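> The following comprises the amino acid sequence and a computationally predicted model.
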Amino acid sequence: MRHILSILVENEAGALSRVAGLFSARGYNIESLTVAPTEDATMSRMTIVTTGSDEIVEQITKQLNKLVDVVKVVDLSEGRHIERELMLVKVRAAGKDREEMKRTADIFRGRIIDVTDKSYTIELTGTTDKLDAFLEALDKGAILETVRTGVSGIGRGEWVLKA
Amino acid sequence: MELKLPPLAETGETLTGAEIAIRCLQEEGVEFVFGYPGGAVLFIYDALFKQKKVKHILVRHEQGALHAADGYARATGRPGVALVTSGPGVTNAVTGIATAYMDSIPMVVITGQVPTRAIGEDAFQECDTVGITRPCVKHNFLVKDVNELAITIKKAFHIATTGRPGPVLVDIPKDVSQQSARFHYPEKIHLRSYSPVVKGHGGQIKKAMQLLLEAKRPMIYVGGGAILGEASHEVTELVRLLDFPCTNTLMGLGAFPASDKRFVGMLGMHGTVEANMAMQNCDVLLAVGARFDDRVIGNPAHFAAGNASRKIVHIDVDPSSISKRVRVDVPIVGHVKDVLAELLALLKAGKDKPDAAALASWWSQIAAWRAKDCLKYDRTSNIIKPQFVIEKLWEVTKGDAYVTSDVGQHQMWAAQFYRFEKPRRWINSGGLGTMGVGLPYAMGVKLAFPKAEVACVTGESSVQMCIQELSTCKQYHLPVKVVNLNNRYMGMVRQWQEFFHGNRYSESYMDALPDFVKLAEAYGHVGMRVEKPGDVEGALREAFALKDRLVFLDIITDQTENVFPMVPGGKGISELILSEDL
Ligand SMILES: Cc1ncc(C[n+]2csc(CCOP(=O)(O)OP(=O)(O)O)c2C)c(N)n1
Ligand SMILES: [Mg+2]
């Protein structure tokens, strides 16, 4: 099962390596990891997407909570939540394909943010599924480069993750 | 007009970082620092020199410093403190840190680091201390600002000693130890990201009580957490009140007295038949400060499948220990001592008693397992049997010594045959299984309890891994007794090779052994060799009579003896090999 963990950590040097090291040392999966400071400069927030049985994810959560730099851990996938990922894709867009490429981007609500004679760079946000679907909709040969941020997640409604 | 008070940190006297570090140790009431100097810690050693409160014990290798501090902590319950220099000082210390980490021993390790401006430049004796030690400490810090030093050391002691204890490392760059700051040592500290649960959930404790009272075949399984959590009194009271069988893990020996008839011995890979069979066949299991590790319950699938209706109650201060290898029905996170006290109070307040008839038949089943006499060995042999030496050691010390040990067959025999009555008397490396700990452990214990008898039960291979500490023992007059069960083999390795590798004793023979008697004498101690069973008791008595001398007893034991019972790796705990099977 896929789980999305939201983690508040102390904004200390080394906090990221403690979290990443925990996953590698115990053989847990990281599908994606994002991290950046929060509105409170003393804390950073991470979103980790991982897969594993319920038992494994329970262990991951417990082990994360044990790290001294970790302030709070929640499994967003246990409740209603929103997840978004940002992707930048550079695609071949020359000749007759150029119009078609723009249409596909429009359908997925992508924005063309850079243009050359032969290429577009498209910015797309959405769920991981949506980004995957966009890539599948493109002709494989047209994709020159992709970069994705990994998932960021937040709970729905008024509930907030606080220290 | 606004009245401005100086912040607390500015009210104290001005000290250098090195002085601050030592003052913090004084404030913490630290008696001993085990260490070894070097370039990066010279200012700290200078500050040590100028005071008398904290006594420094100069070891002969940093590994010894860490083990000695660890042994001190295991015997006293107070945090052990070690001080080493950067680079090789740290890398030498890593084994000792990892050893303490695996057994959850509270320690504060202070390490020197190259000056802040040189960090990352591959400076002389630089290593990424925080990086290297990260996976084997509870937490670590690199202090880059002298103003943060005192509070960081405070945090280190707080983290090391609360919740599930463990080693915490503070890395101090040389320039930070040289710079000055106002000294203020906070009395209390709050960390928003660290607040271990201490109080068990009342509802869960009630559920536990009900399960225990309904049990037909109950079992109480007590691990090192009961010793670390100072809960042996409560454990003992509970077991006696309920009249349930009790087993201790290797790390839990002494938490429940071995002389009590309810004690079924140690369980696990070299546990007794009665302990392992009761563990496998019970219908309600109460686990206290234990973690169901591979050396204890063997194959978890076999453990679960063999008895699917077994209900498990697990009390532990660390939530991540619960349901890690074995699914638990009633988890209780909290201080084992407090949770057990609550459980006891509930039991005493209620009218219900365990099912006496069911219990009687369970006890008769256990008696049948006991009748196997699984620890029996040949008492008629004219070669010294290692088990016999431990029995005599128990007799001569009246079962009241602190016994440290190394890793191997001798460790298992000490665990099986020295019947521990009290907690913190049995000091060994259970988790990491580090050869070489025995002698430095004995030093730490003897410093803590100078009047107590301290015996180090070791093997000729293990003892050579930290043998240099005989010199430290001389310098500080630490008259411990080294009981070297000399079988000329890495016996435990040889045993596995005999059982599982077709008797091919690949590199497990200890050739070219030193003359241990002469070696002990060279270090200024007393050495004795014992070669006949009839001489064992006399030699032990003579050694312990030499109150103020370290005596190294080189006891030539049976080379072919094996540790029984044995559960082969990966098997279930009821799949025991007994001596009579071979
Ligand atoms: C540092 C370290 N290296 C290797 C091992 C693997 N090992 C476990 S027991 C053992 C043999 C110990 O021999 P000895 O000290 O003579 O004890 P005996 O088993 O003969 O009683 C070895 C090599 C270990 N536990 N620790
Ligand atoms: Mg040996």
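Perfect, thanks for sending it. Ligands and ions are numbered 1, 2, ... in the order given.
> hang on, residue B:571 packs against residue B:299?
Yes - using Cβ atoms under 8 Å, residue B:571 makes contact with residue B:299 at a distance of 6.0 Å. Placement of C-beta: from N, CA and C, glycine included.
> ok, residue B:469 touching residue B:59?
Yes - look at residue B:469 against residue B:59 with Cβ under 8 Å: they come within range, at 6.3 Å.
> Give me the common contacts of the two.
B:68, B:440 (Cβ atoms under 8 Å, 6 or more residues apart in numbering or on different chains).
> Could you list which residues are in contact with the closest residue to ligand 1 within the stretch 301-450 of chain B?
Nearest residue of the stretch 301-450 of chain B to ligand 1, counting by Cβ to the nearest ligand atom: residue B:408, 2.4 Å away. If a contact means Cβ under 8 Å, 6+ apart, then residue B:408 has B:435, B:459, B:461-462, B:490-493 as its contacts.
> just to revisit the earlier point, who's more crowded, residue B:571 and residue B:299?
When neighbours are counted by other Cβ atoms under 10 Å in any protein chain shown, residue B:571 and residue B:299 differ, and residue B:299 comes out ahead with 19 against 15.
> Surely that one touches residue B:326?
No - if you go by Cβ under 8 Å, residue B:299 and residue B:326 don't touch, sitting 10.8 Å apart.
> Quickly list what's touching both of those two.
By Cβ under 8 Å, 6+ apart, no residue touches both residue B:299 and residue B:326.
> residues near residue B:252, how many?
30.
> mind listing what's buried in the lengthiest strand in chain A?
Counting by DSSP state E, the longest strand found in chain A is strand A:81-92. Using 16 or more other Cβ atoms under 10 Å in any protein chain shown as the test for burial, strand A:81-92 gives A:81, A:83-92.
> Chain A: helices as residue ranges?
Taking DSSP state H as the criterion, chain A carries its helices at A:15-25, A:54-66, A:97-107, A:128-137.
> Can you name every helix or strand that the last one contacts?
Translated: helix A:128-137. With contacts defined as 3 or more Cβ pairs under 8 Å, 6 or more residues apart in numbering or on different chains; DSSP states H and E, the packing partners of helix A:128-137 are strand A:81-92, helix A:97-107, strand A:119-126, strand A:143-148.
> Need the contact partners of it.
A:49, A:83, A:85, A:87, A:89, A:104, A:107-108, A:110, A:124, A:126, A:143, A:146, A:148, A:151.
> Identify the residues contacting residue B:151.
B:186, B:189.
> Confirm that it sits in a strand.
No - read with DSSP: H, G, I helix; E, B strand; the rest coil, residue B:151 is helix and lies in no strand.
> and it, how far is that from ligand 1?
Distance, residue B:151 to ligand 1, using Cβ to the nearest ligand atom, to the nearest Å: 36 Å.
> just residue B:165 next, same as before
23 Å.
> Is there a neighbour count for that residue? I'd like the number.
A count of nearby residues for residue B:165, using other Cβ under 10 Å, gives 24.
> What residues does residue 69 make contact with?
Assuming you mean chain A. A:9-10, A:12, A:14-15, A:18, B:139, B:193.
> Hmm, no, I was thinking of chain B.
By Cβ under 8 Å, 6+ apart, the contact set of residue B:69 is B:32-34, B:80-82, B:96, B:107, B:109, B:444.
> What pLDDT does the model give the closest residue to chain B within chain A?
Using Cβ to the nearest Cβ, the single residue of chain A nearest to chain B is residue A:62, 3.8 Å away. pLDDT, residue A:62: 96.
> what does residue A:97 give?
On pLDDT, residue A:97 comes in at 89.
> Which residue is the nearest non-sequential neighbour of it?
In space, not counting the residues next to it along the chain, residue A:97 is nearest to residue A:142; the distance is 6.8 Å by Cβ to Cβ, 6 or more residues apart in numbering or on different chains.
> residues near the one you found, how many?
Look at residue A:142: counted by other Cβ under 10 Å, it has 18 neighbours.
> And the residue of the stretch 351-500 of chain B that's closest to ligand 2?
Of all residues in the stretch 351-500 of chain B, residue B:459 sits closest to ligand 2, at 3.6 Å by Cβ to the ion.
> show me what contacts that residue?
Taking Cβ under 8 Å, 6+ apart, we find residue B:459 in contact with B:406, B:408-410, B:484-487, B:490-491.
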